[in-house]
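J.: How does the following fold in three dimensions:
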Amino acid sequence: MAPVVAGADATPLNVDEFEAYARTYLPKKTLDYYVSGADDMVTLKENRAAFTRLKLMPRVLRDVRHIDTATTLLGQPVATPVCIAPSAMQRMAHPDGELASSAAAAAQKTCFVLSTISTTSIEDVAASNGAGLRWYQLYIFKDRELTRDLVVRAEKAGYKALVLTVDTPILGSREADLRNGFALPRHLTMANFTGGKHAHRVNEVGLSQYTKELFDLNITWDDVAWLKSITSLPIVVKGVLTPEDAVLACDVGCQGILVSNHGARQLDTVPATIEALPAIVQAVAGRAEVYLDGGVRRGTDAFKALALGARAVFLGRPTLWGLAHSGQQGVEDVLKMVTSELAHAMMFSATTSIAEIGPNYVRHEAYFRSPSKL
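T.: Residues are numbered from 1 along each chain as shown. Model prediction:
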């Protein structure tokens, strides 16, 4: 059954309905940029399908009058583990762009991660986010002084962590963008580079060529150590899919690991993040906090990720759909919706706090098909 398309004056009832509205509203090039994955988009489908293969194992007859979704991220309190992932160029979805998303995160007392490839500056987003918890997503560029400058600006603007994306030496093969000749609309800029040579370059050459000019193919774990040496902020490594790399991240001193396949936009046929998560959690063994993005659309998805060891989940596309629908209010609605669904899953599972959610609440569907269960 196709999702209902809710108008801008009506609040959708789930993330799919927000997406359905965005598909009717956004220009084709913008929509294709947001929705597409790499190559055949196998991983894009798997990010969602993998959640359906996990079955919840609720407990009963416990006092569930008081459900608390609060937790902490790197020692900072949040009211919900449902957070906002870094998403590029948000003013394509709504004129307020990152200002609206960051204000929504602050209003809902959760974490907002600003993309380096943002259409709003580090400083303006900080002002919009106010006393909210904000992290800054970073690439290490060929120009190390440019990288250093972004780090210094983020520190001064009150960002509490750096989220280093490590799965993007180049952009993945996103055929819709190549077919559309995708480039940032000319009325927008890469706001973190305003005044420099990089501000309008993406309008001229397109995103793929732009990133080839900026991004460094020679990044290694030594560069992560260099980044750690120039900042007092904790570093979260984003784009880890193997236990081996998770251990290396811990060894170099990273305090967080974001299990991510970049929204299935980089290398196709890599595993869904929810399936990669358990082995990474086991390998890290408490040395760093572990988070997840990719495929989370319902509070039950968030519950499953928390049960398998994630401390928080980060929403990418869902917040863009909310933004396209009604700006800050739409993003708030998405955050409230998924958090409310998480609270319902907790109640039905007889867990009253995030700390009580553990692996015994989830089984892979294969468990029920084993010979001993037949």
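
J.: alpha carbons only for contacts and neighbour counts from here, please
T.: Will do.

J.: how close does Glu123 sit to Ala191?
T.: Glu123 is 10 Å from Ala191, where distance means C-alpha to C-alpha, to the nearest Å.

J.: Tell me which of these two has more neighbours.
T.: Ala191 (21 against 17; other C-alpha atoms under 10 Å).

J.: so that one touches Asp124, yeah?
T.: No. Counting by C-alpha atoms under 8 Å, Asp124 is not a contact partner of Ala191; they are 9.6 Å apart.

J.: next structured bit after the helix or strand containing Asp333?
T.: Using DSSP states H and E, Asp333 sits in helix 317-348. Using DSSP H and E, the helix or strand that follows helix 317-348 towards the C-terminus is strand 362-364.

J.: Walk me through which strands that following strand pairs with, and which way each runs.
T.: If you go by DSSP bridges, strand 362-364 pairs up with strand 54-56 (antiparallel).

J.: which element follows the partner strand toward the C-terminus?
T.: Proceeding N to C from strand 54-56, the next assigned helix or strand is strand 71-73, under DSSP H and E.

J.: Not counting its own residues, what contacts that next one?
T.: Residues lying outside strand 71-73 but in contact with it, judged by C-alpha atoms under 8 Å, 6 or more residues apart in numbering, are 77-81, 289, 311-312, 354.

J.: Which one (most neighbours) among these?
T.: In the contacts of strand 71-73, the most neighbours by other C-alpha under 10 Å go to Pro81, 28 neighbours.

J.: Spit out the contact partners of the residue nearest to that one when sequence neighbours are not counted.
T.: For Pro81, the nearest residue in space outside its immediate sequence neighbours is Ala312; the separation is 4.4 Å by C-alpha to C-alpha, 6 or more residues apart in numbering. Counting by C-alpha under 8 Å, 6+ apart, Ala312 makes contact with 73, 81-83, 290-292, 302, 305-306.

J.: what bridges to Ala312?
T.: Judged by DSSP bridges, the bridge partners of Ala312 are Tyr291.

J.: tell me the pLDDT at Ala199?
T.: Note on Ala199: pLDDT of 51.

J.: for Gly206, same thing?
T.: Among the per-residue scores, Gly206 holds a pLDDT of 59.

J.: Quick one: the helices in the stretch 1-150 of the chain, in order.
T.: If DSSP state H, counting those that start in this stretch is used as the criterion, the helices of the stretch 1-150 of the chain fall at 15-25, 28-35, 42-52, 97-107, 122-129, 144-156.

J.: Report the buried residues of the helix or strand following the last one.
T.: Under the assignment DSSP H and E, the closest C-terminal helix or strand after helix 144-156 is strand 162-165. Counting neighbours by 16 or more other C-alpha atoms under 10 Å, one finds that the buried residues in strand 162-165 are 162-165.

J.: can you list the residues that contact strand 162-165?
T.: Contacts of strand 162-165 with the rest of the structure, by C-alpha under 8 Å, 6+ apart, involve 113, 135-140, 151, 233-239.

J.: and the least confident of the residues you listed?
T.: Per-residue confidence across those is lowest for Ile140, with 89 (pLDDT).

J.: Can you get me a residue count around it?
T.: Other residues near Ile140 come to 24 when the count uses other C-alpha under 10 Å.

J.: And Leu335, how far from Ala276?
T.: Distance, Leu335 to Ala276, using C-alpha to C-alpha: 24 Å.

J.: the more surrounded of these two?
T.: Neighbours per residue, other C-alpha under 10 Å: of Leu335 and Ala276, the larger number sits with Leu335, 27 against 19.

J.: Is the more buried one in contact with Ala85, as I believe?
T.: No. Under the contact definition of C-alpha under 8 Å, Leu335 does not touch Ala85, with a separation of 11.9 Å.

J.: per-residue pLDDT, the residue nearest the centre of the chain?
T.: Taking C-alpha atoms, centre = their mean, the centroid of the chain lies closest to Ala85, which sits 2.7 Å from it. As summarised for this prediction, Ala85 has a pLDDT of 98.

J.: Repeat that for Phe193.
T.: Per-residue pLDDT puts Phe193 at 82.
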